[in-house]
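J.: sequence? don't have it. structure:
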């Protein structure tokens, strides 16, 4: 830290004497090739990874230029004709935008209301467990679904909720009676199933970060409260809850940063011809029109719009986190 | 820990004990409900077709049969997909680990000129990416469509993992590396002979994470593999269990292999899940590290 305060014009002698042999980042006097030679092994190790990032992360960013063109594969990126904001106009004025935005936002809202609080509640309950064996066993069980693929989750959903064989579907039918419902295919049940899947898959895993926060609470606080006569409820209310509040805030902010990121795999796997209208979100729409129908430019424009909104949300939420006195993401 | 006795006695009010009992019941119930679907599918995969359709719910089959497994392992489609997935997962994990470790090590060296630039390039990709279509076009232009490499290379480095590994390397004691350098090791040898052997725990952790990632990956196959002969297990699972899904371009690729029986679906789901469950104890040992080093700090 202190070295940063040394003025640029400080006498070279003083600088040399203080930070003699270590290589400097600033005020480099060696030419580039000497650096390359000196650190050749490190650069060599760095190279494959760097190539990966340039090819699979930065080349696609250059490829985003086709959002402003009418991309024809035969003509390539540079040969295709510029069309300005045509595709964005098509998106915003077309019939799809409202539906996509509505579906995406509704799923985000449902996630915030139902999925986000679940791990907090479970973590708080786990924290109150006093038998460690029980606590660890429960944790082991509820973490499992996190490691299963969305394909498996979707398959389980189909197997449990299908009209003919689905155990849960039949069970509900036995309770309620009446006409059999095809939960998996029908539009009405799409969102409840998505929320249920998220709850099943991510709740247990989500507790980890809150349990870590809870484990970090100074036990002296509890002892002091007990000495002062606080019961269990008051300890929870005045110590436990405030101590994870910062974690809750930061997680809430980070979640809102990913507002438009409805999981592609999950939604795609649960999409059927009957529920397409409520299932389509930006990501699945991009896949449908881009890969399936080959409208590369339009699909790229839709993806770019989503990506830019994502950047704004991430920086906005990060800014908010810092304003609230939290460590931001960057 | 001296206070433990006191505190236990303190909790022994009636309301507090009632809460404890209810809490245990609730959480144990939650744990059981969570794994119940998996147990049911496992039991169903060993049950006869008539039992699946007649019994509402069971955790142990009345009649234990392995017909379903014998059948799926006798089909080319399934065996091929299983072998493909195992190979892609094995090769992919090695590639991913190699690229991640070699890139993380130089980035852990603060003195390296250009390090900050590369690090910022990496971090930027966490915030913004080219997205699905431009990435698809890059993969296509590289001629990787319908190649197994398309399942590996586009996901070769997870930036989050890279940054965690980099932080780990930074924590390693500098003195050991320094000693090796004085003994005449160049940076490559320091990395291979000193740093890597010290990093076994983190290598174990991230090889599991990467392996699970590839094993579970469905999207890459959906995007890059049209040839149904090259499909991975996840794609087969999807095709078999959810055939009423409306994904025209995928369905038209589907061979005429349709398994009508419910039990086969159960068995396929079990086979696709089993490796994860077998590795789960190891995963559980390590995963907390990966989650908790969440923030990207420089």
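T.: Looks like it arrived, so ask away. Remember, predicted model here, so these are calculated numbers, not experimental data.

J.: how about the helices in the stretch 1-150 of chain B?
T.: Secondary structure of the stretch 1-150 of chain B (DSSP state H, counting those that start in this stretch): helices at B:4-10, B:14-45, B:49-54, B:67-72, B:76-107, B:115-127, B:132-141.

J.: save the ones you listed as a markdown table, and put in mean pLDDT too.
T.: Converted to a markdown table, the helices of the stretch 1-150 of chain B look like this (pLDDT from 0 to 100):
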| stretch | mean pLDDT |
| --- | --- |
| helix B:4-10 | 49 |
| helix B:14-45 | 92 |
| helix B:49-54 | 80 |
| helix B:67-72 | 85 |
| helix B:76-107 | 95 |
| helix B:115-127 | 92 |
| helix B:132-141 | 95 |
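
J.: and among these, the most buried is which?
T.: With neighbours taken as mean count of other C-beta atoms under 10 Å in any protein chain shown, the helices of the stretch 1-150 of chain B reach their highest mean count in helix B:132-141, at a mean of 22. Glycine gets a C-beta too; all of them are placed from N, C-alpha and C.

J.: any idea how far that helix is from the chain center?
T.: Offset of helix B:132-141 from its chain centre (C-alpha atoms, centre = their mean, to the nearest Å): 24 Å.

J.: tell me what it is packed against?
T.: If contacts are counted by 3 or more C-beta pairs under 8 Å, 6 or more residues apart in numbering or on different chains; DSSP states H and E, helix B:132-141 sits against helix A:59-63, helix A:282-286, helix A:296-323, helix B:219-224.

J.: out of the helices of the stretch 1-150 of chain B, flag the one nearest residue A:276.
T.: Residue A:276 sits nearest to helix B:132-141 of all the helices of the stretch 1-150 of chain B, at 18.4 Å, using C-beta to C-beta.

J.: now whichever helix or strand comes after the closest one: buried residues?
T.: Moving toward the C-terminus from helix B:132-141, the next helix or strand (DSSP states H and E) is helix B:159-171. Within helix B:159-171, the residues scored as buried using 16 or more other C-beta atoms under 10 Å in any protein chain shown are B:159, B:161-169.

J.: possible to save the residues you listed as JSON lines with pLDDT and distance to residue A:249?
T.: Formatted as JSON lines, the buried residues of helix B:159-171 follow (pLDDT from 0 to 100; distance: C-beta to C-beta, whole Å):
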{"residue": "B:159", "pLDDT": "93", "distance to residue A:249": "25"}
{"residue": "B:161", "pLDDT": "90", "distance to residue A:249": "26"}
{"residue": "B:162", "pLDDT": "94", "distance to residue A:249": "28"}
{"residue": "B:163", "pLDDT": "91", "distance to residue A:249": "23"}
{"residue": "B:164", "pLDDT": "89", "distance to residue A:249": "24"}
{"residue": "B:165", "pLDDT": "92", "distance to residue A:249": "29"}
{"residue": "B:166", "pLDDT": "93", "distance to residue A:249": "28"}
{"residue": "B:167", "pLDDT": "89", "distance to residue A:249": "24"}
{"residue": "B:168", "pLDDT": "89", "distance to residue A:249": "28"}
{"residue": "B:169", "pLDDT": "92", "distance to residue A:249": "32"}
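
J.: with distance to residue A:207 added, can I get those in JSON lines?
T.: Formatted as JSON lines, those follow (distance: C-beta to C-beta, whole Å):
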{"residue": "B:159", "distance to residue A:207": "25"}
{"residue": "B:161", "distance to residue A:207": "22"}
{"residue": "B:162", "distance to residue A:207": "26"}
{"residue": "B:163", "distance to residue A:207": "24"}
{"residue": "B:164", "distance to residue A:207": "20"}
{"residue": "B:165", "distance to residue A:207": "25"}
{"residue": "B:166", "distance to residue A:207": "27"}
{"residue": "B:167", "distance to residue A:207": "24"}
{"residue": "B:168", "distance to residue A:207": "25"}
{"residue": "B:169", "distance to residue A:207": "30"}
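
J.: closest one to residue B:38 out of the residues you listed, please.
T.: residue B:161 (27.2 Å).
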